[in-house]
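Chemist: let's see this in three dimensions:
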Amino acid sequence: MEQRVITISGLPGSGTTTVAKLLAEKTKMKYVNVGELFRELADKNKMNLEMFEEYCEEHPEIDREIDRKQEELLRKGNIILEGRLSGWIAHIKKIDAFKIWFDCEREERIRRIEEREGGEIFDKKRETKRRIESEKRRYKKFYGIDLEDKSIYDLVIDTTNIPPEKIVKKIIEKMKE
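Modeler: Numbers count the residues shown, from 1 in each chain. A predicted model of the protein is given here:
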C-alpha cells in the first residue's frame, strides 16, 4: 500500500469513524477525527453541537481554522483523516491522497446514531437533518463545495449493509490496484 494519506468522509452515521479506526489499526497509520476537533471547539466555546453549528454559519473563521489544521495534517502524511471535508481539502490543496466517501441509506444512518448516542429516534432524525443542512450551507457559502458532488473521490462505498471489516478489506484491495 503506497498511499500514505487517506481521507474518509461521509454523512453522520455512515460508518466513517468505525472504519477509519479499524483501517488505522490495520495499516499502523495515525488516525485523526476532524469531528472531534469540531466538538472540542464547541466545548471550548461552551456551546452544544447544534448551537455551535449555527454559530459557525456566521463565523467562517472557525471552519477555516479547522481546515488549516486538516491541511497541516495531510501535508505531514502517514495519516487517515476522517472528516466531512477532508477529501475536499486534499483535492483543493492538491495534496496526494486516497479519498473515500461513504454513502449510507438515511434510515440506517439514523438507526446507527440513535444506537450510538441514545435518545429518541425522532429527535435524532431532526438533529441530524439540521446538522447536515447547516454543513451543506456553510460548505457552499464558504467554499462553493456541493457535498453531493462525489466526483473527487477515488472510492465511493455504500456502507448500508456491509460490515466494517469488509469495508476495510475493500479499501485496502482498491488501494493496491
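Chemist: ok, for the residue sitting nearest the centre point of the chain, nearest residue in space, not its chain neighbours?
Modeler: The chain has residue 83 as the residue nearest its centroid, 2.6 Å off, counting by Cα atoms, centre = their mean. Residue nearest to residue 83 in three dimensions, not counting chain neighbours: residue 34, with 2.8 Å by Cβ to Cβ, 6 or more residues apart in numbering. (C-beta placed from N, C-alpha, C; glycine too.)
Chemist: the one you found touches residue 66, doesn't it?
Modeler: Yes - judged on Cβ atoms under 8 Å, residue 34 makes contact with residue 66 at a distance of 6.4 Å.
Chemist: wait, the residue nearest to the centre of the chain touches residue 6, no?
Modeler: No - using Cβ under 8 Å, residue 83 makes no contact with residue 6, being 11.8 Å away.
Chemist: which other residues reach the helix or strand of the chain with the lowest mean pLDDT?
Modeler: Least confident helix or strand of the chain, by mean pLDDT, DSSP states H and E, is helix 121-143 with a mean of 80. Contact with helix 121-143 is made by 11-13, 49-50, 53-54, 56-57, 60, 63-64, 84-85, 88, 92, 109-111, 113-114, 117, 145-147, as judged by Cβ atoms under 8 Å, 6 or more residues apart in numbering.
Chemist: kindly report the same for stretch 166-177.
Modeler: 1-3, 6, 15, 19, 22-23, 26-27, 98, 100, 102, 154-155, 157, 159, 162.
Chemist: no more questions from me, cheers.
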